[in-house]
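J.: What follows is a predicted structure for the sequence shown.
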Amino acid sequence: EGHPQLIQTLWPAGTTARSDIEALFSLRAQVPEALQEFQAMAKDASGAAPSSSNLNVDPSQVMATLAGLPFDQAKQKEIEEEVKNIFRSTPNLETPSFEVSPVEVISVHHPP
């Protein structure tokens, strides 16, 4: 979409910037779909009988959590990392909290 030759010239296929641009284009389609699903869920929750697929979410708790985000440094850092990882071809993965120990391999030969 847009100006494919310009995009190809400035950000060739295979570059991180190009994959970020492609991710933004896909988000452009996904966000409206997600909003429609959310609005449908909200409409179902307010007007129709609750179904097993609806989530039990307390709106006041959601609002309180969202209102606290600007003041919670740890959550801000988490969100920042998640947003950065969305556009990376290889996300920064957390280092596991375990170590792998070498294992002795024993081979068993069976007679023919």
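T.: Sure, I can see it.

J.: can you give me the helices in the chain?
T.: In the chain, the helices defined using DSSP state H lie at 4-10, 16-47, 59-68, 73-86.

J.: tilt between the last one and helix 16-47?
T.: The one in question is helix 73-86. Per axes from the mean of the first three to the mean of the last three Cα atoms, to 10 degrees, the angle that helix 73-86 makes with helix 16-47 is 120 degrees.

J.: angle of helix 73-86 against helix 59-68?
T.: Counting by the same axes, to 10 degrees, helix 73-86 lies at 90 degrees to helix 59-68.

J.: still on that earlier bit, got the helices of the chain as JSON lines, with mean neighbour count, mean pLDDT and distance to residue 104 columns?
T.: The C-beta positions use only the backbone N, C-alpha and C, and glycine is treated the same way. Shown next, in JSON lines, are those (neighbours: other Cβ atoms under 10 Å; pLDDT from 0 to 100; distance: least, Cβ to Cβ, whole Å):
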{"stretch": "helix 4-10", "mean neighbour count": "11", "mean pLDDT": "84", "distance to residue 104": "54"}
{"stretch": "helix 16-47", "mean neighbour count": "12", "mean pLDDT": "81", "distance to residue 104": "42"}
{"stretch": "helix 59-68", "mean neighbour count": "10", "mean pLDDT": "80", "distance to residue 104": "50"}
{"stretch": "helix 73-86", "mean neighbour count": "11", "mean pLDDT": "83", "distance to residue 104": "38"}
